[in-house]
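Just need the structure, nothing else, for what follows:
(3 chains)
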Amino acid sequence: MLEARALGFAHPEGPPLFTDATLAIAPGEIVGLHGPSGIGKSTLGRLLSGHLAPGWGAVLLDGAPLRMAGFCPVQYLGQSPMHMVNPRWRVGAILSEASAPEPKTLAALGIAEGWSARYPHELSGGQLQRVAIARALAPGLRFLVADEISTMLDAITQAEIWAFLTRLAAERGIGILAISHDRALLEAVATRTLEFREIALGP
Amino acid sequence: MLEITDLSIAFRRYGPLLTRRETRMLGPLELTLSRGEVLAVVGASGAGKSLLAHAIFGVLPGNAVVSGALRLDGTPLDAARQAALCGRLMALVPQSITHLDPLVRAGRQVGWAAGRSGHARRARHGLARDALARFGLGPDAARAYPHALSGGMARRVMLAMASVGSADLIVADEPTNGLDPENAGRVLDHLRSLADRGRAVMMITHDLTGALGHADRVAILREGQLVEIAPATAFRGAGEGLASPYARALWQALPANGFLVPVAAS
Amino acid sequence: MSAIPAIAAAPIGRRVSTLRTAAAAALVVLAIPAIALLSGRAGIAPDFAARLLPPALAHPFGTDPLGRDMLFRTIKGLALSLQVGLVASLLSVLIATALALLGATSRWADEVVGFLVETVMGLPHIVLLILIAFALGGGTGAVIVAVAVTHWPRLTRILRAEILQLRSADYVRISRRFGKSWFWIGRRHMLPHLLPQMLVGLLLLFPHAILHEAALSFLGFGIEPARPAIGILLNEAMGYLLAGRWWLGLFPGLCLVGLVLCFDAIGNGARAMLDPRASED
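All right, here's what the predicted structure looks like:
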């Protein structure tokens, strides 16, 4: 169980973005998080995956604070995969940064062997997003934060990626937080959808 | 009013050491746009949508190699005419708020646009006020500096700039990016009303669903290739009205239409 | 679009001409120490039968008051400048890298580094150079140290900004959550971005180092007067300018400027090769 308990965050010298975000995700569950852009959904996603340190409150994994050492069981996937990879690394190195990827996973995501020798700018956004997903699927993974991961992609790539993630949740019991401003997408992928305003900004 | 024939765009790049490559990024494609019409150009990021807009206005980067012909009202649109007509007969609504001058109040910038399209200095203030009012922006917005505008308001200021003059061709690059549904809908309504008043509108977007409600025709771009131009009404049901398998697959892959993964691709 | 040429034979790109210039400049720079080594005692051994000769075929740059050939003296001077410049620039890059890395370790260290950068940049360069060279008692070693400890701030700033940007890059944050140590991230993620900056920084430091070495030697705080450094040559020429021996100062001075321009060209070439953003014409 991944929990956000009364999480709050403010940029240095800025007003708090939110002060009281509370949610829980069970293993194997896909939870949608909906809200307009710029409201703080991404920040909440980054807090849950340890990319940012919370100003208030805590992120709990099975009741204990999220550990900041070693492979983090909660991994973050972002909207723009170009920013998620080192532009000077080849795709092969990117894929195996956390652990050697399983051939089965690569095949399921449609990642071709020939990509390994290429640089990120030689792949399309959709191809690179598949690479970013495959990289996060190391053995210790338990939860994924998918923050607008298909916003920049065409509908077909979006459908393919979410078909894969849905299977991943069902087969490996990975819990997924799907963050999006697209209600139709969340209705199609999520088991339940939370409204950011309601869980983070109070009544 | 706008005819594009056999347009293709390639980029010259350096590879390792001194090898030079030309990569075709767009085309060849044919496209026409008439007055009173909204044409949506839809594609994923990297499909070449923005290149199309930049080619029409002649603002591609220096290493772009362009071939083909553009005609505006039957006359070839070459670099000299592009420079002369930009802001007069045709106007671009750019993608981001950074295209506004941060040090100048919004109303004054709309006034500049009116000046560019040939209106006398005295008339500019009034024209700017009227143009902003058409997009639901009052005197407060006119007095504001760009940083004080929300994303939706900035977008509407840029729309006012594009339409304050007599531009007959208006190209909007991702007009709804980063806007919440309510503001996005309002911006699209405005674009529709510009076309209804006799202008030609090209709307470049990655959001097929958003485009359908407001466009007459939809051009689908995929990796620089024009896949299909279909009337907006063809996008319904299981997409039987669509000619190309790709357009049909795209339509069926939308979350609201079944979220189907094409058999061949999976 | 009809006026725009179709996809056809592309003209020679800017990058090709930049690199051609850089290669030519590199050849010139490499030729200097080679000639200096191979020319033996030419320009060092006095020849009292040929004192103060104006430029002619036998001595293209003329001769000095001791009858030494000014062409070879100039080349040997430039070779010495190159040696001093190379060692001083390398030291400067090392200092800059060390300080930039140090600044990345903690907020406190960052403020100290920032303060040092501001201080050294705020002081007049030449005064600082003279003070340090003087305090160290002059000589080649003193010049090297003085130039090295005054030229690191600009590169430190560039590297520091780069490190700050890298540290907040998404792929670095992701790498942290993969459990990678800062040392590993520095080596694998950051170094590939920093190395090109360091190399270009080194090449662009070179001309500064050479000019300041010459200035110090000219003012008498630098290299020992017995060695044919460019600054020494120019200093000696001063006394003869009014007597009409213009060649003593003109040619060494022009060659020094030429060498500096060569490094500029090499630096630009290196940047064109290493900067991925420069891959677009």
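
is the spatially most central residue of chain B in a bridge, and if so with what?
Among the residues of chain B, the smallest C-alpha distance to the mean C-alpha position (CA atoms, centre = their mean) belongs to B:Ala172, namely 2.8 Å. Using DSSP bridges, the bridge partners assigned to B:Ala172 are B:Val93, B:Met203.

Give me the pLDDT value at it.
Per-residue pLDDT puts B:Ala172 at 93.

now C:Arg51
Confidence at C:Arg51, expressed as pLDDT, is 84.

Look up the closest residue to it, ignoring the ones flanking it.
Once flanking residues are discounted, C:Arg51 sits nearest to C:Gly67: 4.6 Å by CB to CB, 6 or more residues apart in numbering or on different chains. Just so you know, the C-beta spots here come from the backbone N, C-alpha and C atoms, and that holds for glycine as well.

For C:Ile163, see how far away whatever residue of the stretch 51-200 of chain C ends up closest to chain B is.
With CB to the nearest CB as the measure, C:Pro196 is the residue of the stretch 51-200 of chain C nearest to chain B, at 14.8 Å. As for C:Pro196, its distance to C:Ile163 is 14 Å (criterion: CB to CB, to the nearest Å).

which ones are touching residue 157?
Because you didn't say which chain, this covers chain A. Contacts of A:Thr157 were listed using CB atoms under 8 Å, 6 or more residues apart in numbering or on different chains, and they are A:126, A:129, A:150, B:44.

that's the wrong chain, I meant chain B
So B:Val157 contacts B:100, B:106, B:109-110, B:132, B:135, B:137, B:141, B:146, B:149 (CB under 8 Å, 6+ apart).

now the longest helix along chain A, how far from the chain's geometric center?
The single longest helix within chain A, with elements called by DSSP state H, is helix A:155-172. Offset of helix A:155-172 from its chain centre (CA atoms, centre = their mean, to the nearest Å): 13 Å.

Need the residues that contact the helix or strand that comes right after that helix.
Downstream of helix A:155-172, the next assigned helix or strand under DSSP states H and E is strand A:175-180. In this structure, residues lying in contact with strand A:175-180 by CB under 8 Å, 6+ apart are A:2, A:23, A:25-34, A:41-42, A:44-45, A:48, A:142-148, A:150-151, A:165, A:168-169, A:185-186, A:189-190.

Residue numbers of chain A in contact with chain C?
Of all the residues in chain A, those in contact range of chain C (CB under 8 Å from any CB of the partner chain) are A:49-51, A:69-72, A:74-76, A:78, A:83-89, A:97-98, A:138.

In strands, which of the contacts of strand A:175-180 fall?
Helix and strand membership here follows DSSP state E; of those, those in strands are A:2, A:23, A:25, A:30-34, A:143-147.

Would you mind listing what in the stretch 151-266 of chain B touches chain A?
In this structure, the stretch 151-266 of chain B approaches chain A at residues B:151, B:178-181, B:206, B:208-209, B:222-223, B:249-251, B:253-256, B:259-262, B:265-266, judged by CB under 8 Å from any CB.

let's go with 6 Å and repeat that
Taking CB under 6 Å from any CB of the partner chain as the measure of proximity, the stretch 151-266 of chain B contacts chain A at B:178, B:180, B:249-250, B:253-256, B:259, B:261.

Of those, which are in range of chain C?
When contact is defined as CB under 6 Å from any CB, those do not meet chain C at all.

Make TSV out of those residues and add secondary structure, pLDDT and neighbour count.
Conversion of these to TSV gives the following (DSSP: H, G, I helix; E, B strand; the rest coil; pLDDT from 0 to 100; neighbours: other CB atoms under 10 Å in any protein chain shown):
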residue	secondary structure	pLDDT	neighbour count
B:Gly178	coil	71	17
B:Asp180	coil	74	17
B:Ala249	helix	90	21
B:Leu250	helix	90	28
B:Ala253	coil	90	24
B:Leu254	coil	91	23
B:Pro255	helix	89	21
B:Ala256	helix	87	12
B:Phe259	coil	86	20
B:Val261	coil	83	20
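
In the helix or strand hosting A:Ala93, which residues are buried?
Following DSSP H and E, one finds A:Ala93 within helix A:91-95. Under the neighbour-count criterion of 16 or more other CB atoms under 10 Å in any protein chain shown, helix A:91-95 has A:91, A:94-95 buried.

and the helix or strand just after that helix, how far from the chain's centre?
Once the chain leaves helix A:91-95, the next helix or strand it forms, by DSSP H and E, is helix A:103-109. Between the centre of helix A:103-109 and the centre of its host chain there is 19 Å, according to CA atoms, centre = their mean.
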